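Asks: what's the 3D shape of this:
(chains A and B)
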Protein chains: 2
Amino acid sequence: MKKFEEKTIKSEQVFNGKIINLQVDDVTLPNGKTAKRELVKHPGAVAVIPITKDNKIIFVEQYRKPLEKSLIEIPAGKLDSNENPLAAAVRELEEETGYTTNDLSFVTSFYTSPGFADELVHIYVTDQLVKMENPPQGDDDEFVEVLELTLDEAKEYVVEERIHDAKTNYAILYLHALGRL
Amino acid sequence: MKKFEEKTIKSEQVFNGKIINLQVDDVTLPNGKTAKRELVKHPGAVAVIPITKDNKIIFVEQYRKPLEKSLIEIPAGKLDSNENPLAAAVRELEEETGYTTNDLSFVTSFYTSPGFADELVHIYVTDQLVKMENPPQGDDDEFVEVLELTLDEAKEYVVEERIHDAKTNYAILYLHALGRL
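Replies: Modelled structure (predicted):
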């Protein structure tokens, strides 16, 4: 028995989408009562902190429909089914920035919102970037603008809330703590 | 016109739950084509980094149904409708740990997963904790166990992936960067 485990009595598939699925489970609580749990299923995601030779960080700006505004984020994307996270990180870096690399170090991984979603993000860092002559195209419904910022500029964007998401805030704090930019 | 704005053509409410709502929007892309966007609506959340007089951090362990396992996290919870985040942070601290405070400093806020959800988490920190004689009860479907850890112990739990979510990983990196524990 896992600690405080909630046993599934019934599981209802509410929605099957392109990015997420939604299911509602009836569960038995540790005290014997029952409750409903709303669960978003997500394939997981990867993100890369790309550092240029002149110590800038490469970001992408894109429109985020859930927020009805654009955010500046580190390059990232969702895993294709059964895709290796490291391979996915290289793919997203190439598609979104036009750079590739032979050296990606794992930084950390975390669940973005374990209360309602199973999305796990894997974060990598590289300072070994090579400009590609013919970078692969990304999804045809994704429009991103690439920008390079110093760490100080990026911190200013955090204050202005133009950088405002978990993985990118984490990345900036990580580089700050590392003290190398 | 916002950068790369995606104009809504149609918006369909798929699910209205206790914690989240789900809607699917048809949008016009910057190139004139159309696409579907799957959007999870969430009221937002708060989290607190509670530091004791002997420099330990207070965590709560709870079962996370989306992951089918328990995680050790900083105290947190969702906002009630129109609730002030600071007031919500005090409430969650009291309900989950049995401590209260008159001094909560804002650390940062971030969207947990802007690709599909609008959840915004507000993070606070306090080292001014007062044990309550009669702490308020939390939701009757929440079962949490309180534990106090040193920063080094918490870092070990990150390695073991018992601490493994965005807000808590951020909190630990924040305390590490601060260098005060």
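Asks: Return the residues in contact with the residue nearest to A:Glu96 when sequence neighbours are not counted.
Replies: Ranked by C-beta to C-beta, 6 or more residues apart in numbering or on different chains and with sequence neighbours excluded, the top spatial neighbour of A:Glu96 is A:Pro75, at 4.2 Å. (C-beta placed from N, C-alpha, C; glycine too.) By C-beta atoms under 8 Å, 6 or more residues apart in numbering or on different chains, the contact set of A:Pro75 is A:Ala47, A:Val48, A:Pro50, A:Ile58, A:Phe59, A:Val60, A:Glu92, A:Leu93, A:Glu96, A:Thr97.
Asks: Counting neighbours, which of these comes out on top?
Replies: Using other C-beta atoms under 10 Å in any protein chain shown as the neighbour criterion, A:Val48 leads the contacts of A:Pro75 with 30 neighbours.
Asks: Helices along chain A, start to end?
Replies: A:85-97, A:151-159, A:166-178 (DSSP state H).
Asks: Export those helices as a markdown table, with columns for mean pLDDT and distance to B:Pro114.
Replies: Converted to a markdown table, these look like this (pLDDT from 0 to 100; distance: least, C-beta to C-beta, whole Å):
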| stretch | mean pLDDT | distance to B:Pro114 |
| --- | --- | --- |
| helix A:85-97 | 97 | 15 |
| helix A:151-159 | 98 | 14 |
| helix A:166-178 | 97 | 9 |
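Asks: Export these to JSON lines and append columns for distance to B:Met132.
Replies: Listed next are the helices of chain A as JSON lines, based on distance: least, C-beta to C-beta, whole Å:
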{"stretch": "helix A:85-97", "distance to B:Met132": "43"}
{"stretch": "helix A:151-159", "distance to B:Met132": "34"}
{"stretch": "helix A:166-178", "distance to B:Met132": "31"}
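Asks: And the residue nearest to A:Glu96, how close does it get to A:Arg162?
Replies: Applying C-beta to C-beta, to the nearest Å, the value for A:Pro75 to A:Arg162 is 16 Å.
Asks: swap in A:Ile57?
Replies: 14 Å.
Asks: So between these two, which is more surrounded?
Replies: A:Ile57 (22 against 15).
Asks: so the more buried one makes contact with A:Val48?
Replies: No. Counting by C-beta atoms under 8 Å, A:Ile57 does not reach A:Val48; the two are 10.3 Å apart.
Asks: what do these two both touch?
Replies: With C-beta under 8 Å, 6+ apart, A:Ile57 and A:Val48 have common neighbours A:Ile74.
Asks: Show me the strands in chain A, by range?
Replies: A:7-16, A:21-28, A:34-41, A:45-50, A:57-64, A:69-73, A:76-78, A:99-100, A:105-111, A:120-126, A:130-131, A:144-149 (DSSP state E).
Asks: The contacts of A:Pro75: which two are farthest apart?
Replies: Using C-beta to C-beta, the contacts of A:Pro75 span at most 13.0 Å, a distance reached by A:Phe59 and A:Glu92.
Asks: residue farthest from the centroid of chain A?
Replies: Most distant from the centre of chain A: A:Gly32, at 36.5 Å, with distances by C-alpha atoms, centre = their mean.
Asks: and the gap between A:Ala89 and chain B?
Replies: 16 Å (C-beta to the nearest C-beta, to the nearest Å).
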